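S.K.: Prediction below, plus the sequence it came from.
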Amino acid sequence: MKKILTIAKWEYLEKLKTKAFIISLIITPLIIIGFSILPTLLSNKEELRTKAIGVVDPSGEYFNQLNSELRKYTIDNGQPNYILLNLTTEGKTTDELKTEADKKVLENKVEGYLLIKYGNTDSMSIEYRSENFGSFRDLGRFEEKINKIRIDNELLKKGIDPEVASVIQNNVELQQIKIEKSGKEGKQDFLVVFFSAFIFILLLMMMVIYSGQLLVRSLIEEKSNRLIEILISSCTPEELLTGKILGLSALGLTQIIIWSFIGISLVGGALVPPEAFENILPMLVYFILGFLFYTTIFVGIGSIVNTEQEAQQMTTYISLILVMPIVIAVSAIQNPDTMIVKVFSYIPLTIPSIMLLRFKVAPVPVSDIIITLAILILSILITLKIAAKIFRIGILSYGKRPTINELIRWTKEK
């Protein structure tokens, strides 16, 4: 046991002092914060300028009213968000007006323009024509205001006060309330649920990739300079394996503790909502066990590869499995009882990330927690046993990478 702890301590301190670890400790939270805050900053930045928008309306019915409605939107300095330019000229066909307006867009004289077209009956259609994709916010505002003007004008023609329409069109916001057996209730925000689950899965993936590659690289270096032979002469392969896993796990735990403090400070600064840290304790259990499971797999991989290229190829494929829950996250949040979510909940490779997602979505039955934890712990023990057998032989093997049949034969040896 003393040798195991000595190896673990050496592994931990050596990796702790590396520039790569220190950089990842700082860069990873910055990347996560960037994912969370950058979209908001970009969407706000969009409002910092006035946009010239053209209008082509052969009927002449919408320009003045639309101009009045859109002047309600302003930027921070009080200037209007939109300046509307009437690009309609009497005596010209719609096609001629469209050609002239297209030219103004390509010459950057206007950001884009609204083309209002009329059918043979009372039907109409609207196009927003621009050189680049228009902002979703802008398009939503244009569509909302044109429809409002259209309805008001139709009501006036029928002799009905448009104020009646404004009352009728007042939308009632539908709020989602999450209720629990304990009687507790709270609002559900899809984006908070999605991004908080996404952040935990991303953290696990980045930790696994970084730590796994760090371990594999260390083993390759020790094999290439024959240092591993000296280490094996002082301890058994099993002691070396266990020490390396403990040391790397301690390193991962250090990362988790530091990132937790960063997360708490962000909650205090109102950058991250407190709801993002609900069920944090059981999630940490799956997080740590998942990290241990993948670390054990990487130990086995590191003992059979001879170059970093081989190691990177093999570790990348395994790490990508952790991203799978993000692919099904939207459907899982809306319907956590789907068969695909339940199936992935019992596959060892996907248990950690899927359970991190499930805890953010809905209450997880105690039976599911017990079963998945049992499967995960049993998988760690089995993988550890297999990795130990591969490690014992593979760590002293040089040259050609062993085949599948050779690996099977190694695992059967006593």
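M.R.: Arrived safely.

S.K.: tell me the contacts of the closest residue to Lys51 other than its chain neighbours?
M.R.: Leaving aside its sequence neighbours, Lys51 sits nearest to Glu111 (CB to CB, 6 or more residues apart in numbering; 4.5 Å). To be clear about C-beta, it is placed using only N, CA and C from the backbone, and glycine gets the same treatment. By CB atoms under 8 Å, 6 or more residues apart in numbering, Glu111 lies in contact with 51-53, 105, 130.

S.K.: Pro80 versus Glu111, what's the distance?
M.R.: Counting by CB to CB, to the nearest Å, the separation of Glu111 from Pro80 is 13 Å.

S.K.: isn't Gly300 right next to Arg392, touching?
M.R.: No. The criterion here is CB atoms under 8 Å, and Gly300 misses it with Arg392 at 10.8 Å.

S.K.: For the nearest residue to Lys109 once chain neighbours are set aside, grab the count of nearby residues.
M.R.: Distances taken as CB to CB, 6+ apart put Ala52 closest to Lys109, at 7.3 Å, once the chain neighbours are dropped. For Ala52, the neighbour count with other CB atoms under 10 Å is 15.

S.K.: SS state for Ala52?
M.R.: Three-state call for Ala52 (DSSP: H, G, I helix; E, B strand; the rest coil): strand.

S.K.: which residues pair with it across the strands?
M.R.: Ile83 (DSSP bridges).

S.K.: and it, what does it touch?
M.R.: 82-83, 85, 109-111.

S.K.: Please, where are all the strands along this protein?
M.R.: Ranges of strands in the chain, per DSSP state E, are 51-56, 82-86, 112-118, 124-130, 177-179, 185-187.

S.K.: To Thr350, which of those lies closest?
M.R.: strand 177-179 (25.0 Å; CB to CB).

S.K.: Could you tell me the average pLDDT over the closest one, please?
M.R.: The pLDDT scores in strand 177-179 average 60.

S.K.: Please parse the chain into its domains.
M.R.: Using automatic domain parsing, the domain parsing of the chain gives 2-38+188-412, 50-168.

S.K.: Pipe those domains into JSON lines and attach mean pLDDT per row.
M.R.: Shown next, in JSON lines, are the domains of the chain (pLDDT from 0 to 100):
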{"stretch": "domain 2-38+188-412", "mean pLDDT": "73"}
{"stretch": "domain 50-168", "mean pLDDT": "84"}
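
S.K.: just those: most buried one?
M.R.: Mean neighbours per residue, mean count of other CB atoms under 10 Å, is largest over the domains of the chain for domain 2-38+188-412, with a mean of 17.

S.K.: in the stretch 151-300 of the chain, which spans are helices?
M.R.: Along the stretch 151-300 of the chain, the stretches classed as helices by DSSP state H, counting those that start in this stretch are 162-168, 190-224, 227-234, 237-268, 280-302.

S.K.: related to what we said a few turns ago, which of the contacts of Ala52 sit farthest apart?
M.R.: Using CB to CB, the contacts of Ala52 span at most 15.0 Å, a distance reached by Tyr82 and Lys109.
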